[in-house]
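Asks: Next come a sequence and a model predicted from it.
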2 protein chains.
Amino acid sequence: MLTHLTIALDMMGGDYGPRSSIPAAISAVHKYPHLTLLLCGDEVSISNALRKHKADSHPRLIIKHCSEVVSNNCEPAQALRNKKDSSMRVALDLVKNKQAQACVSSGNTGALLLIAHFVLKMLPGIKRPALISAVPTEKKQPVYLLDLGANVHCDAQTLFQFGIMGSIVAGETCKGDRPKVCLLNIGSEDIKGNDTIKEAANMMKATPHINYTGFCEGSDMFSGKADVVVCEGFVGNVALKTCEGIAKLIMHKFTKALKKRFFYRLLAVLLSPIIKKLYRRVNPDQYNGASLVGLRGIVVKSHGNASNKAFLAAIEEAIREVEKQVPEKIEATFEQIALDEEHSPSSLKNY
Amino acid sequence: MLTHLTIALDMMGGDYGPRSSIPAAISAVHKYPHLTLLLCGDEVSISNALRKHKADSHPRLIIKHCSEVVSNNCEPAQALRNKKDSSMRVALDLVKNKQAQACVSSGNTGALLLIAHFVLKMLPGIKRPALISAVPTEKKQPVYLLDLGANVHCDAQTLFQFGIMGSIVAGETCKGDRPKVCLLNIGSEDIKGNDTIKEAANMMKATPHINYTGFCEGSDMFSGKADVVVCEGFVGNVALKTCEGIAKLIMHKFTKALKKRFFYRLLAVLLSPIIKKLYRRVNPDQYNGASLVGLRGIVVKSHGNASNKAFLAAIEEAIREVEKQVPEKIEATFEQIALDEEHSPSSLKNY
């Protein structure tokens, strides 16, 4: 474990701003004694909120005043050009300037992607950044799904690179075994899907850097069969949000069915803790942070209407990635791939 | 209601063949006194199964012997070329030759799509057939999702046509109001998504033939906000199968949580009917039939490992579509669109 760790928080993002980010920040510094948080945002709002929670003199909660905010409906390109003193930009600049080892924001996803890409830049050899998140499975360990929407469409090489990055992020969770990497497709047979997916599958089969195990369908995503599921951003985003939608639907139908009879209503009260816990667990978009991988720095995105707990979970995800040295490992692997390429027949040149 | 109705069933498809299709066929003729079923498949297997259920002399269950079967792992093109006396092909031929008004199969989806397309042909003016299915929502009426995998990629015009066809299929369910049609996207703002989706959105906005209400995200799909959700086949297939996967996951986690304490285990027993019913409801791929629309005939696809009940649900879906005259309505609307086009400025020519 690291002896000291600094993370920059965009305090003004999301639907609630400091209201949800302050309690999460306070919980985090209490839970992690080696953690310092740089709170980026409006000084007055933040210090008022800290005072309200009797944490205004905490030595590891340091305010970095910013005069601007990137709102949820701000155009990403506008935010990049015109909001140079926004809490989001300042938090990312702190990572770039090595004053923080990671950044967490629950703000405008499009703006965060664009500004993070611009400020931090890609790791050498990587084409595109990807949004990745852990999704629960029937087994103990989660499955990592990427891309969740950073890239609407992806070519085969991008999908291949996402497989490598996903495998590194999942690496530590699988205790010894190499993470099993799948490509999300509309059937498990080799003939299914489009040319891009088939080409990415051939690239993944050929590389020694991942344990590629074939195509996987949406229905298999949560079985624990795969540790990493790769797809283009459009598909990943729809899949993740469909999880959220169907989880809401199930809870709605279940609660409604339980309300129909007095006896069931009684059961519902008894079951309510289980139901709530379950809902949180199967609703990954809402609860876990999604990380942006492929950049020269760690950026974690928390859901826009995230609760304190969800924002804390995102901070903890950032801590894990700093400790796991995710960007360093990605860089080293892609260096190795470049070396392999130099010494390999031309068939591998495209990787 | 029609006074007489004939439907051809592919009895040999799916994982169980006549074992699940026979009980469903018997239930259907009992439930619908105006219904005759043409049972396509191996005569010996079918009559043995009928005898087992004491239904071998039922006057409205007529066997059409076929010497071949399209297996689940048969290549669609192979099935089309070489299996001309298969139960699937014969059932579709019966629709083509007007001896049946619809066909139901739980066989190989790829083969069914290809053979149905080849045998029945497209309705005039329609580019591609689509797979459509009703998915449950928080409201009483379901939402119709298309395409579920008939077309991996779709251009804007195809998506536009799917909107029209989806609206016609949903038409009757919405009692008076015109069905609200959405395009599935990774955000609800106009700037989100790729060029194809934006172009399809513009086409949908411009036509008087549907009530287009904008983009919708995966998380909103089950809220009842939309009556029809349109997307390309890859995305629709992943979304539908993700529903199946997450429903399985929730049931798994819920059952596991309930098993932890004796008290909860008792509750689980009491709740089991609700849980089972709910699982069936939120698992549309498993339970409802998916219809192939855009062809000159009605084809309903039941899930490969469908139960008797699910196969019966698919037969009932076929009955509904015959009664609603879905292909006739689609044809009439596209004729109208062609007429509009002739009399409109060039900007509409692409529709």
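Replies: Happy to help now that I have it. The structure displayed is predicted, hence computed values, not measured ones.
Asks: quick one: low-confidence parts of chain A?
Replies: By pLDDT under 70, the low-scoring segments of chain A are A:1-2, A:172-176, A:278, A:280-288, A:305-306, A:345-351.
Asks: Tell me which residue is most central in it.
Replies: residue A:290 (1.4 Å; Cα atoms, centre = their mean).
Asks: Give me the nearest residue to that one, chain neighbours excluded.
Replies: Spatial nearest neighbour of residue A:290, chain neighbours left out: residue A:133 (4.0 Å); criterion: Cβ to Cβ, 6 or more residues apart in numbering or on different chains. C-betas here are computed from N, CA, C, even on glycine.
Asks: Am I right that residue A:32 is in contact with residue A:319?
Replies: Yes: counting by Cβ atoms under 8 Å, residue A:32 touches residue A:319, with 6.5 Å between them.
Asks: between those two, who's got more neighbours?
Replies: Neighbours were counted for residue A:32 and for residue A:319 using other Cβ atoms under 10 Å in any protein chain shown; residue A:319 has more, 24 against 17.
Asks: quick one: that one is in a strand?
Replies: No: Residue A:319 is assigned helix when assessed by DSSP: H, G, I helix; E, B strand; the rest coil, not a strand.
Asks: what about it, distance to residue B:308?
Replies: For residue A:319, the distance to residue B:308 equals 53 Å [Cβ to Cβ, to the nearest Å].
Asks: just residue A:20 next, same as before
Replies: From residue A:20 to residue B:308 the distance is 50 Å (Cβ to Cβ).
Asks: Neighbour count for these two, which is higher?
Replies: Neighbours per residue (other Cβ under 10 Å) separate residue A:20 from residue B:308, with residue A:20 holding more: 23 against 17.
Asks: Report the separation between the more buried one and chain B.
Replies: Residue A:20 sits 19 Å away from chain B when distances are taken as Cβ to the nearest Cβ, to the nearest Å.
Asks: quick one, phi psi at that residue?
Replies: Backbone torsions of residue A:20, given as degrees, to the nearest 10, read phi -100, psi -30.
Asks: what do you get for residue A:309?
Replies: Per degrees, to the nearest 10, the backbone of residue A:309 is at phi -60, psi -40.
Asks: State the next helix or strand along the chain beyond the host helix or strand of residue A:215.
Replies: According to DSSP states H and E, residue A:215 maps onto strand A:211-216. Reading on from strand A:211-216 to the C-terminus, the next helix or strand found by DSSP H and E is strand A:228-230.
Asks: The following helix or strand past that next one vs chain B: in contact?
Replies: The C-terminal neighbour of strand A:228-230 among helices and strands, as given by DSSP H and E, is helix A:233-259. Yes: for helix A:233-259, a contact with chain B is found by Cβ under 8 Å from any Cβ of the partner chain, at A:233-235, A:237-250, A:252-254, A:257-258.
Asks: Show me whatever sits in contact with both of residue A:32 and residue A:319.
Replies: Taking Cβ atoms under 8 Å, 6 or more residues apart in numbering or on different chains as the contact rule, residue A:32 and residue A:319 both touch residue A:5.
Asks: Specify the angle between the host helix or strand of residue A:164 and strand A:211-216 in degrees.
Replies: Here residue A:164 is covered by helix A:156-171, with elements defined by DSSP H and E. Put simply, helix A:156-171 runs at 120 degrees to strand A:211-216, going by axes from the mean of the first three to the mean of the last three Cα atoms, to 10 degrees.
Asks: How far off centre is helix A:156-171?
Replies: 14 Å (Cα atoms, centre = their mean, to the nearest Å).
Asks: Other residues contacting the helix or strand just after that helix?
Replies: Next helix or strand after helix A:156-171 toward the C-terminus (DSSP H and E): strand A:180-184. Contacting residues not belonging to strand A:180-184 are listed as A:159, A:163, A:166-167, A:193, A:197, A:200-201, A:204, A:210-218, A:221, A:225-231, A:235-236, A:239, B:238 [Cβ under 8 Å, 6+ apart].
Asks: Please apply the same query to stretch A:310-317.
Replies: Applying Cβ under 8 Å, 6+ apart, the contact partners of stretch A:310-317 are A:7, A:9, A:14, A:20-21, A:24-25, A:27-28, A:37, A:104, A:106, A:286-289, A:291, A:300-303, A:306.
Asks: Please repeat the previous calculation with a cut-off of 7 Å.
Replies: A:7, A:20-21, A:24, A:27-28, A:104, A:106, A:286-289, A:291, A:300, A:302-303 (Cβ atoms under 7 Å, 6 or more residues apart in numbering or on different chains).
Asks: How far does it sit from its chain's centre?
Replies: Distance of stretch A:310-317 from the chain centroid (Cα atoms, centre = their mean) equals 10 Å.
Asks: list the contacts for residue A:331?
Replies: Residue A:331 neighbours (Cβ under 7 Å, 6+ apart): A:123, A:124.
Asks: hang on, the earlier thing: using CSV, write down the CA coordinates of the helix holding residue A:164.
Replies: Once non-C-alpha atoms are left out, helix A:156-171 reads as follows in CSV (Å, rounded to 0.1, in the frame of the first residue of the first chain):
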residue,chain,number,x,y,z
ALA,A,156,-11.1,-3.7,-34.8
GLN,A,157,-7.8,-2.4,-33.6
THR,A,158,-9.6,-0.2,-31.0
LEU,A,159,-11.6,-3.2,-29.8
PHE,A,160,-8.4,-5.2,-29.6
GLN,A,161,-6.7,-2.5,-27.5
PHE,A,162,-9.8,-2.3,-25.2
GLY,A,163,-9.3,-6.1,-24.6
ILE,A,164,-5.7,-5.5,-23.5
MET,A,165,-6.7,-2.6,-21.2
GLY,A,166,-9.7,-4.4,-19.8
SER,A,167,-7.5,-7.4,-19.0
ILE,A,168,-5.1,-5.2,-17.1
VAL,A,169,-7.8,-3.5,-15.1
ALA,A,170,-9.4,-6.9,-14.3
GLY,A,171,-6.0,-8.4,-13.7
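Asks: Next, the buried residues of it.
Replies: A:156-171 (16 or more other Cβ atoms under 10 Å in any protein chain shown).
Asks: Give the buried residues for stretch A:31-41.
Replies: By neighbour count on 16+ other Cβ under 10 Å, the buried set for stretch A:31-41 is A:32, A:35, A:36, A:37, A:38, A:39, A:40, A:41.
Asks: which residues does the third one bridge with?
Replies: Taking DSSP bridges, one obtains residue A:6 as the residues bridged to residue A:36.
Asks: what comes into contact with stretch A:27-38?
Replies: A:2-9, A:25, A:58, A:60-62, A:64, A:94, A:100, A:312, A:315, A:319.
Asks: Same check on stretch A:49-65?
Replies: Stretch A:49-65 has contacts (Cβ under 7 Å, 6+ apart) with A:18, A:22-23, A:25-26, A:29, A:35-40, A:43, A:46-47, A:90.
Asks: again, but for stretch A:107-124
Replies: A:10, A:13-14, A:70-72, A:74, A:76-77, A:79-80, A:88-89, A:92-93, A:95-96, A:105, A:129, A:150, A:292, A:294-297, A:299, A:301, A:327, A:330-331, A:334.
Asks: Neighbours of residue A:266, how many?
Replies: Residues lying near residue A:266 (other Cβ under 10 Å) number 12.
Asks: same thing with the one 4 residues further on?
Replies: Neighbour count of residue A:270, defined by other Cβ under 10 Å: 11.
Asks: who touches it in this structure?
Replies: Applying Cβ under 7 Å, 6+ apart, the residues contacting residue A:270 are residue B:267.
Asks: any idea which helix or strand carries it?
Replies: Using DSSP H and E, residue A:270 maps to helix A:262-281.
Asks: How about the residues of the stretch 151-300 of chain A by chain B?
Replies: Residues of the stretch 151-300 of chain A lying near chain B by Cβ under 7 Å from any Cβ of the partner chain: A:152-153, A:184, A:186, A:193-194, A:217-222, A:234-235, A:237-239, A:241-250, A:252-254, A:257, A:267, A:270-271, A:274, A:278, A:281-282.
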